[in-house]
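S.K.: Need a 3D model of the sequence below.
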Amino acid sequence: MELIQLRYFVAIAQTVSFTAAAEVLHVSQPALSYQMRRLERALGTKLFERRGRRIALSPDGEFFLPLAQDVLFRADDAVRVLKENLGIEAGEIRLGCNPSVSTYVIPGLLAEFHRNYPRVRVELFEGGDYDLHQMVHKGAIDFAVATAPGAPQTMAVTPLGSEDLHIIASPGHRLAGRGSCALTELQDDDWVFPNESYNLTVLVKEACRQVGFEPKVAYQAGTMEAVKNFVRQDLGVSALPSIALSGSGRQGVAVIDIEGGLTRSLSLIRGKDRSMTRAARALTELVSVTVAGVMKHPPPGAPRPVPPEGEGGTG
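M.R.: Predicted coordinates:
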């Protein structure tokens, strides 16, 4: 069994077509078919089944696919680590994070990282917790910042702290002058939420249900910044994390604390068995320190980053 055969097998499985896989791999279809026959003979089983004019993975092929993908990932990972040891600081790091961290923390953080590693490309993947966990588990991304730690048996988890959620309302709202309010005081209000990729939407809805009401969703906006614009126009109230309400992020909205408190936690997650290049380790540390530094409740012993001169930090 050869690595090239595994690459061919994975390409066919992903495209569900020998013809399409041959085009992606830039090889002839007869050469592709020949290598698959060799692989099947070596394994002693059929990996694909014909279903009319289409193909599909056989049960053994379904079982073998994630194993083959893992072997290929480890092979590529070994090459990356070797290049690092040879002094080649280049390549790609795949970082995942939830949308709020992507919006309010990552841009400045990457600017700092690229000053030290100009030849390293960082590919950013934005998503909800479930998608981020799956991508880390499958090796599609190197690590991620998520609001849930995932399975500790497969994930290395670094707590980054927690932050408060706050009610935001228009300046003319009846509660705008209040320092705090109970969620029950908002049970008759219309609500504006970000889309479902923001896991805090689920968190806030569940908090409302626990105190006895289902929030009336008037609008669902694409981003936290869009949510604030809806609230500024008095189209509803919302609840956003501190990370989205620092500095100019408070302009045009009334920010009200939630009585009893409501927080969300952030963690850095990565696969336990995944090796990392020096640049990837450096980015992991920078992300950990920076995100922990903007949390109101950082984990014990977390260092606080010093903002660049003339800047107030992310808050």
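S.K.: quick one, phi/psi of the residue nearest to residue 175 when sequence neighbours are not counted?
M.R.: Closest residue to residue 175 apart from its sequence neighbours, by Cβ to Cβ, 6 or more residues apart in numbering: residue 181 at 5.2 Å. Any C-beta I mention is one placed from the backbone N, CA and C, and that applies to glycine too. For residue 181, the backbone dihedrals (degrees, to the nearest 10) come out as phi -150, psi 160.
S.K.: now residue 100
M.R.: phi -70, psi -40.
S.K.: so who does it touch?
M.R.: For residue 100, the residues meeting the contact criterion (Cβ atoms under 8 Å, 6 or more residues apart in numbering) are 198, 200, 224, 241, 243, 244.
S.K.: Buried residues, the helix or strand harbouring the second one. List them.
M.R.: Okay, so that is residue 200. Remark: residue 200 resides in helix 199-210, with elements defined by DSSP states H and E. Within helix 199-210, the residues that qualify as buried are 199, 200, 201, 203, 204, 205, 207, 208, counting by 16 or more other Cβ atoms under 10 Å.
S.K.: name the helices or strands packed onto that helix?
M.R.: Counting contacts by 3 or more Cβ pairs under 8 Å, 6 or more residues apart in numbering; DSSP states H and E, helix 199-210 packs against strand 155-169, strand 190-194, strand 238-241, strand 263-271.
S.K.: Put together JSON lines for these, with distance to residue 48, mean pLDDT and mean neighbour count on each row.
M.R.: Compiled in JSON lines, the helices and strands packed on helix 199-210 are given as follows (distance: least, Cβ to Cβ, whole Å; pLDDT from 0 to 100; neighbours: other Cβ atoms under 10 Å):
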{"stretch": "strand 155-169", "distance to residue 48": "33", "mean pLDDT": "92", "mean neighbour count": "21"}
{"stretch": "strand 190-194", "distance to residue 48": "42", "mean pLDDT": "94", "mean neighbour count": "22"}
{"stretch": "strand 238-241", "distance to residue 48": "47", "mean pLDDT": "94", "mean neighbour count": "27"}
{"stretch": "strand 263-271", "distance to residue 48": "29", "mean pLDDT": "91", "mean neighbour count": "21"}
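S.K.: any idea how the chain splits into domains?
M.R.: Taking automatic domain parsing as the criterion, the chain consists of the domains 3-80, 85-160+266-294, 162-264.
S.K.: How about residues contacting the helix holding residue 200?
M.R.: The contact list for helix 199-210, computed with Cβ under 8 Å, 6+ apart, reads 98, 100, 128-129, 147-148, 165, 183, 186-187, 193-196, 214-215, 239-241, 262, 264.
S.K.: where along the stretch 101-250 of the chain do the strands fall?
M.R.: Along the stretch 101-250 of the chain, the segments classed as strands by DSSP state E, counting those that start in this stretch run 120-126, 143-146, 155-169, 180-181, 190-194, 216-221, 238-241.
S.K.: relative to strand 263-271, how tilted is the longest one?
M.R.: Taking axes from the mean of the first three to the mean of the last three Cα atoms, to 10 degrees, one finds that strand 155-169 is oriented at 150 degrees with respect to strand 263-271.
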